[in-house]
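# From the sequence below, what's the structure:
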Amino acid sequence: NDNEDSNEEFDDNLSEENEPVLHGIYPKWLIEIEKKRVDADLARARAEEQRANTAAKNSEAAQVQAEALKKLADAAVIQADALTKIADILDNNALRQIVPF
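I've put the predicted structure just below:
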């Protein structure tokens, strides 16, 4: 980013130095329109950067949520196995009471 800042400073200085030359070649209104177009492009680029950052954060959040859901599913499997074992034990106890060995 330091490199970008120095480039921006250079560009600003360059445009300030060349402004009288540009006014000699292009009408002032055209230069103003181009400045506004560049400002609009910059605003769009910044908005796109913000959208990309938001998408990255959403992706990270979705990954965390998916990992949490996997842990929840694993816990549900363990719970189901435990319930199955409890049911088997209760079933065996009920059979022993009906038919003593």
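
# Show me the strands in this protein, by range?
Read by DSSP state E, the chain holds no strands at all.

# got any ranges where it has weak pLDDT?
Within the chain, the stretches with pLDDT under 70 are 1-20, 22-23, 100-101.

# mind redoing it with 80?
The chain contains residues with pLDDT under 80 at 1-24, 95, 99-101.

# max-length helix in it?
Once the chain is assigned using DSSP state H, the helix that runs over the most residues is helix 28-98.

# Which other helices and strands does that one contact?
Using 3 or more C-beta pairs under 8 Å, 6 or more residues apart in numbering; DSSP states H and E as the contact test, the elements touching helix 28-98 are helix 2-25. The C-beta positions use only the backbone N, C-alpha and C, and glycine is treated the same way.

# Quick check: the residue positioned nearest the centre of the chain vs Q63, distance?
In the chain, the C-alpha closest to the average C-alpha coordinate belongs to A56, at a distance of 1.7 Å (C-alpha atoms, centre = their mean). Taking C-beta to C-beta, to the nearest Å as the measure, A56 falls 11 Å from Q63.

# likewise Q50?
Going from Q50 to Q63 by C-beta to C-beta gives 20 Å.

# what about R46, neighbour count?
Using other C-beta atoms under 10 Å, R46 has 10 neighbouring residues.

# cool, and the one 4 residues further on?
By the measure other C-beta under 10 Å, the count of residues near Q50 is 10.

# same check, this time on I31
Applying other C-beta under 10 Å, we find 15 residues neighbouring I31.

# Also R51?
Neighbourhood size, R51 [other C-beta under 10 Å]: 10.

# List the contacts of it.
By C-beta atoms under 8 Å, 6 or more residues apart in numbering, the contact list for R51 is empty.

# How much space separates it from K57?
Using C-beta to C-beta, we find R51 at a distance of 11 Å from K57.

# Ok, G24 next?
49 Å.

# of these two, who's got more company?
Using other C-beta under 10 Å as the criterion, G24 and K57 rank with K57 on top: 10 against 7.
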